[in-house]
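Chemist: Just the structure for this:
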Amino acid sequence: MPGVVGSASCDHDYMSVDDPGARPDDVPSALTRAVAEIERHVRADGWDQQARLYALAPTAELVSREPELATKLGLSAEEATDESLTPIEQDIGGRAIEELLPTIEWPDTVTGCALVLERIVLPPGAEDDMPAEDTAAAAWAQQHPARSDVRVVVGVLRDGSRATVLRVRGHEEDADLVHGAELSPELGDALADTLT
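Modeler: Numbers count the residues shown, from 1 in each chain. You can find the predicted model right below:
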């Protein structure tokens, strides 16, 4: 993908990811803050969403390169530290993420990227009764009485850093968000491949 996502247009949704109220001794990494902020942003649109892809750009560079955007976001040069990241949502046009990721090539101005996916989680052993055909299996999983819906946000940086957050449907408070660098290592690997 040259710059954005494949042949996608430049329809972006911008967010700033700074937490001026955080104390220096407990400030999470910029990537950790970015994936949590992306999840909060996506959560506002509810459940049953398509995959969403974000470029992660250094906020200071973004403010310097695009001052009009910085003004729109309410950012000033003084507030934009070298550590902060701004997620920029990419228009993926409903393409299947499995087909899309291998086609992505990010420009040097992109420090990292993040992906938001919703998935169905079934209890252990449930897959023993799952139909073999994909369409039938998906329908079966949708109707399973013990299913759980989860939203996972995976972020990676060019330096190899990773962060992931996971939310279980029905647990919508900020405190319910599960954090972990390797909650979804396969997705992290696929995203890391887009940055090489």
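Chemist: Pretty sure residue 156 sits against residue 162.
Modeler: Yes. In this structure, residue 156 is within contact of residue 162 by CB atoms under 8 Å, at 5.1 Å. Just so you know, the C-beta spots here come from the backbone N, C-alpha and C atoms, and that holds for glycine as well.
Chemist: Which one's more surrounded, the two?
Modeler: residue 156 (28 against 23; other CB atoms under 10 Å).
Chemist: So in terms of bridging, what pairs with that one?
Modeler: residue 113, residue 162 (DSSP bridges).
Chemist: Model confidence score at it, please.
Modeler: Per-residue pLDDT puts residue 156 at 96.
Chemist: Residue 116 now?
Modeler: 97.
Chemist: Give me the residue ranges of the chain where confidence is low.
Modeler: 1-27, 75-82 (pLDDT under 70).
Chemist: Which stretches in it count as helices?
Modeler: Taking DSSP state H as the criterion, the chain carries its helices at 30-43, 59-65, 67-73, 97-100, 134-143, 185-194.
Chemist: what's the first-to-last distance across stretch 118-138?
Modeler: 13 Å (CA to CA, to the nearest Å).
Chemist: Could I get the buried residue list for that stretch?
Modeler: Neighbour-count burial for stretch 118-138, counted by 16 or more other CB atoms under 10 Å, picks out residue 118.
Chemist: With stretch 153-166 instead?
Modeler: Neighbour counts over stretch 153-166 (16+ other CB under 10 Å) mark 153-157, 161-166 as buried.
Chemist: want to throw these into CSV with distance to residue 143?
Modeler: Shown next, in CSV, are the buried residues of stretch 153-166 (distance: CB to CB, whole Å):
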residue, distance to residue 143
153, 26
154, 27
155, 32
156, 34
157, 39
161, 39
162, 34
163, 33
164, 28
165, 28
166, 23
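Chemist: Can you say which of the helices of the chain is packed in most?
Modeler: helix 30-43 (a mean of 21; mean count of other CB atoms under 10 Å).
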